[in-house]
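K.L.:
Everything below, folded, please.
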Amino acid sequence: LITDELESYNPYYDNRSRSNTPSVTSQNTEFSTPKTAEKVRRISLRLNQYDPTTQRFKEGLAKLVKGAEAQATLALQLQREFDQTQAIMGARHARYDASRRHLQITGIINSNQVKAMKRKEYKLTEKADQEKTKRKWKKVLIEIRN
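P.N.:
Next comes the predicted model:
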């Protein structure tokens, strides 16, 4: 019986229903500024349990507002950073696209590939020129020896 409960027990997800009334320890503790959306939700749930005219409700509401402002500021900063990142990535793609050319024979090609093709073509023409001059000089050298 106990082992069955242990096997089905998950410490990360407690499937027992919880009451919405705040516990004794949570009633005695002060509200703190919420840093996460989950804590904002918890404070708002706890505030629903208090009378809106009490000082404790007002303090909790002030902390909730302070946390919401902090969340909004953080969201604004993150949005700005995201926009900056998007602009940087857009500029990078624009630079990359600027170096690309479209050729009928091969399709899209980068400028680096064009440079490599030109180098190979130059080396091939240089070798061909050397072979031509080599043949001519052979004939000239044979004539000089005779």
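K.L.:
Tell me where the protein has helices.
P.N.:
Secondary structure of the chain (DSSP state H): helices at 2-8, 24-28, 37-47, 55-98, 111-145.
K.L.:
Would you format those as TSV with mean pLDDT and mean neighbour count included?
P.N.:
C-betas here are computed from N, CA, C, even on glycine. Listed next are the helices of the chain as TSV, based on pLDDT from 0 to 100; neighbours: other C-beta atoms under 10 Å:
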stretch	mean pLDDT	mean neighbour count
helix 2-8	51	8
helix 24-28	43	9
helix 37-47	79	15
helix 55-98	87	12
helix 111-145	84	10
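K.L.:
can you redo the ones you listed as JSON lines with distance to residue 104?
P.N.:
Formatted as JSON lines, those follow (distance: least, C-beta to C-beta, whole Å):
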{"stretch": "helix 2-8", "distance to residue 104": "68"}
{"stretch": "helix 24-28", "distance to residue 104": "74"}
{"stretch": "helix 37-47", "distance to residue 104": "56"}
{"stretch": "helix 55-98", "distance to residue 104": "19"}
{"stretch": "helix 111-145", "distance to residue 104": "14"}
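K.L.:
quick one: which of the ones you listed is nearest residue 105?
P.N.:
helix 111-145 (10.7 Å; C-beta to C-beta).
K.L.:
Which other helices and strands does that closest one contact?
P.N.:
Secondary-structure packing of helix 111-145 (3 or more C-beta pairs under 8 Å, 6 or more residues apart in numbering; DSSP states H and E): strand 100-103.
K.L.:
May I see the buried residues of the strand it packs on?
P.N.:
Buried residues in strand 100-103, counted by 16 or more other C-beta atoms under 10 Å: none are found.
K.L.:
strands paired with that strand, and their directions?
P.N.:
Partners of strand 100-103 in the sheet, by DSSP bridges, are strand 107-110 (antiparallel).
K.L.:
what does the strand it pairs with contact?
P.N.:
Strand 107-110 is contacted by residues 99, 100, 101, 102, 103 when judged by C-beta atoms under 8 Å, 6 or more residues apart in numbering.
K.L.:
Pick out whichever of these sits closest to residue 114.
P.N.:
residue 101 (6.6 Å).
K.L.:
Contacts only, for that closest one.
P.N.:
For residue 101, the contacting residues are 108, 109, 110, 111, 114, by C-beta under 8 Å, 6+ apart.
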